[in-house]
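Colleague: Predicted coordinates and the sequence they were generated for:
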Amino acid sequence: MDLISRIAPTTFFLFVVMLKGIELYTFLQTHSAGHEPASWKFLVDVASRSSTVCFLGLMTILFFVRLEPVGKAKSILPRVMAIAGTFFVALVTLFPRATLSMTQTIIASSISICGTIMAIIALAHLGRSFSLMAEARRLVTTGPYRIVRHPLYLFEEVASLGVLLQFFSFYTALIFLIHVLIQLQRMKNEEVVLERAFPEYQAYKATTARVIPKLY
């Protein structure tokens, strides 16, 4: 059963990584064939696509090497929330792109890149404790986790905000808002599992903010 729980998500995300990698390669080849000079927009676009591939690639590796869980959510709802939180925001990209100026596009892409890079750092620090579902493997309280309890979610939302700006409309903003609410509930679900698995979590929780220091 554990082997299946490793191979299934690893295979899925490996497939996604391959698709994103092919998209990046095609994008670079198309630009090269056009003999166009490397503009700021092109460089930012390459950085954005590359950071996404790196993030998904690291996630794929961690799915396969992660530790055995020592605690899991007992009901089905936290699992549904975890899946929804992972994929729901992708609906934003199904809408038409917003009409942005060059500067606005670069700013939006830069926000997404910064969020993704920071998410990679948080994910790397989480390491083999990484989990998609509400599960406990090992309590991580160092690095960005020393400041807030859910830095990965925070940085993922920053990256998603950058994407939202590129597809901004009433409907995409509504999707983003719903996604944020799902993620907040997802954090609470995980904390219930972590408190049950690790007695020291209470002390850690008392000295750190959930996502934004001194605010929440």
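Modeller: Cool, the structure landed.
Colleague: Now do the contacts for residue 192.
Modeller: 73, 134 (Cβ atoms under 8 Å, 6 or more residues apart in numbering). Heads up, the C-betas are built off the backbone N, CA and C, glycines and all.
Colleague: For this protein, which segments are assigned as helices?
Modeller: Ranges of helices within the chain are 2-33, 40-65, 77-87, 102-126, 151-166, 170-197, 201-206, based on DSSP state H.
Colleague: the inter-axis angle of the longest one versus helix 40-65?
Modeller: Here helix 2-33 runs at an angle of 160 degrees relative to helix 40-65 (axes from the mean of the first three to the mean of the last three Cα atoms, to 10 degrees).
Colleague: Pipe the helices of the chain into TSV and attach mean pLDDT and distance to residue 95 per row.
Modeller: Shown next, in TSV, are these (pLDDT from 0 to 100; distance: least, Cβ to Cβ, whole Å):
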stretch	mean pLDDT	distance to residue 95
helix 2-33	89	18
helix 40-65	94	18
helix 77-87	94	16
helix 102-126	95	14
helix 151-166	97	10
helix 170-197	97	5
helix 201-206	95	38
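Colleague: Of all these, which one is nearest residue 143?
Modeller: Proximity to residue 143 (Cβ to Cβ) singles out helix 102-126 among the helices of the chain, at 4.0 Å.
Colleague: what sits up against that closest one?
Modeller: Here helix 102-126 makes contact (Cβ under 8 Å, 6+ apart) with 40-41, 44-45, 47-48, 51-52, 54-55, 58-59, 62, 100, 130, 140, 142-145, 151-152, 155-163, 165-166.
Colleague: ChimeraX command to pick out the buried ones of the residues you listed?
Modeller: Of the contacts of helix 102-126, the buried ones go into a single ChimeraX selection, burial set by 16 or more other Cβ atoms under 10 Å:
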select :44,45,47,48,51,52,54,55,58,59,62,100,130,140,144,145,151,152,155,156,157,158,159,160,161,162,163,165,166
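Colleague: which residues sit in contact with residue 45?
Modeller: Residue 45 neighbours (Cβ under 8 Å, 6+ apart): 27, 109.
Colleague: Offset the numbering so it begins at 833, please.
Modeller: With 833 as the first residue, the last one maps to residue 877.
Colleague: so how far is residue 871 from it?
Modeller: Distance, residue 877 to residue 871, by Cβ to Cβ, to the nearest Å: 9 Å.
Colleague: coming back round to it: most packed of the helices of the chain?
Modeller: The highest mean neighbour count among the helices of the chain, using mean count of other Cβ atoms under 10 Å, belongs to helix 983-998: a mean of 21.
Colleague: now the angle from it to helix 934-958?
Modeller: Using the same axes, to 10 degrees: helix 983-998 against helix 934-958 is 160 degrees.
Colleague: circling back: next, format the helices of the chain as TSV and append distance to residue 1048.
Modeller: Shown next, in TSV, are these (distance: least, Cβ to Cβ, whole Å):
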stretch	distance to residue 1048
helix 834-865	29
helix 872-897	24
helix 909-919	17
helix 934-958	17
helix 983-998	10
helix 1002-1029	9
helix 1033-1038	13
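Colleague: Sweet, I'm off.
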